[in-house]
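When you get a sec, could you give me coordinates for this:
(chains A and B)
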Amino acid sequence: MAGPGGDMQWCFSQVKGAIDDDVAEADIISTVEFNHTGELLATGDKGGRVVIFQQEIENKNQPQFRSEYNVYSTFQSHEPEFDYLKSLEIEEKINKIRWLPQKNAAQFLLSTNDKTIKLWKISERDKRPEGYNLKEEDGRYKDPNTITGLRVPVLIPMDLMVEASPRRVFANAHTYHINSISVNSDDETYLSADDLRINLWNLEITDRSFNIVDIKPANMEELTEVITAAEFHPLQCNTFVYSSSKGTIRLCDMRASALCDKHSKLFEEPEDPSNRSFFSEIISSISDVKFSHNGRYMMTRDYLSVKIWDLNMENRPVETYQVHEYLRSKLCSLYENDCIFDKFECCWNGDDSVVMTGSYNNFFRMFDRGQRRDMTLEASRENSKPMQVLKPRKVCAGGKRKKDEISVDSLDFNKKILHTAWHPQDNIIAVATTNNLYIFQDKVN
Amino acid sequence: MEVNAEARRILAVSISKLYASRTQRGGLRLHRSLLLSMVMRSARDIYHSSRECEELCGAPPTSEEAMETGPVEQTVQLPEPLTEPRQPAASAVEPPSEEPDSGDEGSDGELAEDKENMSPTRQSRKRRGKAAAAPDFLPSKRARLEPGEERHAALPTSCRAGAGESLAALSLNRVIPAF
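Alright, predicted model coming up:
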């Protein structure tokens, strides 16, 4: 992978989370997201908590400054709930976090579990009022008879306190499990998608939402596909896409009709008949869809590959990258151990030249679109000395295993990287293993 | 016959996954249930078609590749079963009428009740022409159930009918429950 001068090299920067090999289920990271400036990095976990890290730039003037992310705020976003009507427990796991563009001093983010979306305000408090006229310092009201003068409280500095408060709760709009939320570029609306429906919300209004996609068949027996991900176009506020379990992506224009059941474009690649197998349907299910920053392309992730689509060409992707093709012959075992159902995400770098996605054995993959090069790296505690350069890894698919290569059978399928995020401007990446968050940066950075 | 054994194994694995998913937190996942039902339908079709082929041919079938690698083109019937999931997801995807969670809309619940009344007919339709012998790899329901699960009203009727049930009726009718 080449940067302006030569090959890009990734270095370890930080790792967050417990060192224990015994992973508490609540600590399993379920989503990772940078905000629009990259200053803040949010993670959600299975226990319903959100942890926000803030970048503290040590010294930008130095050629190799280190940007450290430290804990900024931690709060419990969702709690487990119980649906009494259906006798079902609603998990508190945070499925997605999306930041709103910053408009004032406070930061806002949307977090969602399977059923409820919440808008959180994260604000800083570094001053407090002192010297009330009518109240004592501890808050008790003074006896009015003892008040002889008038004084105005003054704001005095205090230790920085970061508060998170829920400003809106968008509930009871989804029968099925929410898999995506996406903020619109109009700064007013956002969409939420579950298995069969997509709803459009106004950020200010919680008691109603518009249903814009509904693929529920009249007879549930005729169900053949579900919605797996959805996203608004980054620039056109009328356009959004949703992907399906059948490997198709539909682009919809909200100007065309109120209910966008008829797509404007259908992106589908015909299946390669030589690859047809028993599990073809499962592995063609799209687990993530992401628009490029410039809005010209979109990327989809299915079980074995990453595909880049030009929005102007529907019949096939413009680029296809194999993430771990060596798994194609292992699909039966992966079905038995449930790994075939894993939902990997993918992300673009700031200038849309490189894409990244996760794999097993704590490996993650980067594909440089311009240089046509790919790289496999590993997030592990063994490679976590400060500024240690990550060595590219290689998996041996068969035949003679070279030194430093790992054979497919030695891969640890319990160590999976499902969630990754790329800083919107710099070459800083956040990679989530089961319960740890790794932050890597480009050596030149 | 290797394909047959493979199909049986996948079916057994799928059924155990189905039962496991009933007790997982957060309730049944529609996407996962759908994918499971597709795999099960393919396995069932291959299992039955390979048994029919055995009966028709009367000769040991040629050895085939393992199911998961490469194109599965051993019998002529195969492309059909693999594409079959597209249409008759209907017949396999039936709301379990006994579950208390009869659906988000009243109509789903009513539909479910009708299905229950009709179910003996449906089951016999599926049984016709298929292998009469019970699939021998299928464990008895008694052995499968955890003590706690027996108390759940969620078990579909067909399970209690015993090992004599056709495999198709047993599992696929109850894969996608009404939400």
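
State the distance from the spatially closest residue to A:Arg296 that is not a sequence neighbour to A:Pro234.
Leaving aside its chain neighbours, A:Arg296 sits nearest to A:Leu311 (6.3 Å; criterion: C-beta to C-beta, 6 or more residues apart in numbering or on different chains). In short, each C-beta sits where N, CA and C put it, glycine included. In this view, A:Leu311 and A:Pro234 are 12 Å apart by C-beta to C-beta, to the nearest Å.

Are there residues contacting both of the two? Which ones?
A:Gly295 (C-beta atoms under 8 Å, 6 or more residues apart in numbering or on different chains).

A:Ile28 touches A:Leu437, doesn't it?
No. The criterion here is C-beta atoms under 8 Å, and A:Ile28 misses it with A:Leu437 at 11.5 Å.

List the buried residues of the lengthiest helix in chain B.
Counting residues, the longest helix found in chain B (DSSP state H) is helix B:30-57. Neighbour counts over helix B:30-57 (16 or more other C-beta atoms under 10 Å in any protein chain shown) mark B:30-51, B:53 as buried.

Also stretch A:142-150?
By 16+ other C-beta under 10 Å, stretch A:142-150 has no buried positions at all.

which outside residues touch it?
With contact meaning C-beta under 8 Å, 6+ apart, stretch A:142-150 is reached by A:133-136.

got a winner among these for most neighbours?
A:Lys135 (13 neighbours; other C-beta atoms under 10 Å in any protein chain shown).

tell me the contacts of it?
Contacts of A:Lys135 (C-beta under 8 Å, 6+ apart): A:141-142.

pLDDT at it, what is it?
The score at A:Lys135 is 86. That number is its pLDDT.

same thing with A:Thr148?
Per the predicted model, pLDDT is 87 at A:Thr148.

quick one: which helix or strand includes it?
A:Thr148 belongs to no helix or strand when assigned by DSSP states H and E.

Look up phi and psi at it.
A:Thr148 has phi and psi values of phi -110, psi -20 when expressed as degrees, to the nearest 10.

now for the contacts of stretch A:142-150, which pair is the farthest apart?
The span of the contacts of stretch A:142-150, defined through C-beta to C-beta, is set by A:Asn133 and A:Glu136 at 10.9 Å.

Would you agree A:Met161 is in contact with A:Lys127?
No. At 10.0 Å, A:Met161 does not count as touching A:Lys127 under the criterion of C-beta under 8 Å.

rewinding a little: between A:Ile28 and A:Leu437, which is the more surrounded one?
For the pair A:Ile28 and A:Leu437, the greater number of neighbours falls to A:Leu437 (23 against 16), based on other C-beta under 10 Å.

If the more buried one is in a bridge, with which residues?
Residues in a beta bridge with A:Leu437, per DSSP bridges, are A:Lys16, A:Ala432.

try the one 4 residues further on
When bridges are called by DSSP bridges, A:Gln441 pairs up with A:Cys11, A:Ile428.

Near it, how many other residues are there?
22.

how close does A:Arg372 sit to A:Val354?
Distance from A:Arg372 to A:Val354, counting by C-beta to C-beta: 11 Å.

Neighbour count: those two, which is higher?
Neighbour totals were compared for A:Arg372 and A:Val354, and A:Val354 leads with 23 against 9 (other C-beta under 10 Å).

so the residue nearest to the more buried one when sequence neighbours are not counted bridges to which residues?
Spatial nearest neighbour of A:Val354, chain neighbours left out: A:Asp368 (5.1 Å); criterion: C-beta to C-beta, 6+ apart. Taking DSSP bridges as the rule, A:Asp368 bridges to A:Val354, A:Arg373.

A:Asp368: neighbour count?
A:Asp368 has 19 nearby residues by other C-beta under 10 Å.
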